[in-house]
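S.K.: When you get a sec, could you give me coordinates for this:
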Amino acid sequence: MKRLLNRMPKVLLLGNGINMAFGASSWDDIINNLSKNKFNILILQVRSFSDAIYNSNIFPTSSTIVENEGDNASLDILEFFIEKAHNENIEVYAWVNPYRVRNTTDINTISSLNPAYEW
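M.R.: Residues are numbered from 1 along each chain as shown. Okay, here's the model as predicted:
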């Protein structure tokens, strides 16, 4: 039984909580804690509101990681997590919300860089 439990996936689902204010040292802590607790899969929300936490030619930078949607991010967060997680033998999967534009009715929060802006 113990052998079976060691092979079962241990997963962390990380959504909109990614925030530039936390910074890379906190993200390192996330990966280190996953490794220490024998997690082997990280599911990272990379597109939550028709935006992206990675460098994209289609979607603007997410306002969850920069002050205003479309502002330049200091680093590609997806790339950061992939590199750090793979160093600890943790798989990374991207979680995409393909149709959700906002969780508010305030259309002023949509930048002109966002594909949803024209609609």
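S.K.: need the helices for this structure, in chain order.
M.R.: 2-7, 23-36, 77-87 (DSSP state H).
S.K.: Packed most tightly, which of these would that be?
M.R.: Among the helices of the chain, judged by mean count of other Cβ atoms under 10 Å, the one packed with the most neighbours on average is helix 77-87 (a mean of 17). Every C-beta, even on glycine, is put in place using the N, C-alpha and C of the backbone.
S.K.: hmm, back to that, could you dump the helices of the chain to CSV with mean pLDDT?
M.R.: Formatted as CSV, these follow (pLDDT from 0 to 100):
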stretch, mean pLDDT
helix 2-7, 52
helix 23-36, 85
helix 77-87, 93
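S.K.: Let's have these in CSV, adding distance to residue 60.
M.R.: Supplementary listing: the helices of the chain in CSV, determined by distance: least, Cβ to Cβ, whole Å:
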stretch, distance to residue 60
helix 2-7, 40
helix 23-36, 21
helix 77-87, 14
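S.K.: how about the ones you listed, which one is nearest residue 44?
M.R.: Each of the helices of the chain was scored for nearness to residue 44 using Cβ to Cβ, and the closest is helix 77-87 (5.6 Å).
S.K.: Centre of the chain to the closest one, how far?
M.R.: 11 Å (Cα atoms, centre = their mean, to the nearest Å).
S.K.: Can you spell out which helices and strands pack onto that helix?
M.R.: Judged by 3 or more Cβ pairs under 8 Å, 6 or more residues apart in numbering; DSSP states H and E, the packing partners of helix 77-87 are helix 23-36, strand 41-47, strand 91-96.
S.K.: Can you check which of these gets nearest to residue 59?
M.R.: Between residue 59 and the helices and strands packed on helix 77-87, the shortest separation by Cβ to Cβ is 6.4 Å, and it involves strand 41-47.
S.K.: Each with direction, which strands does that closest one pair with?
M.R.: In the sheet, strand 41-47 lines up against strand 11-14 (parallel), strand 91-96 (parallel) (DSSP bridges).
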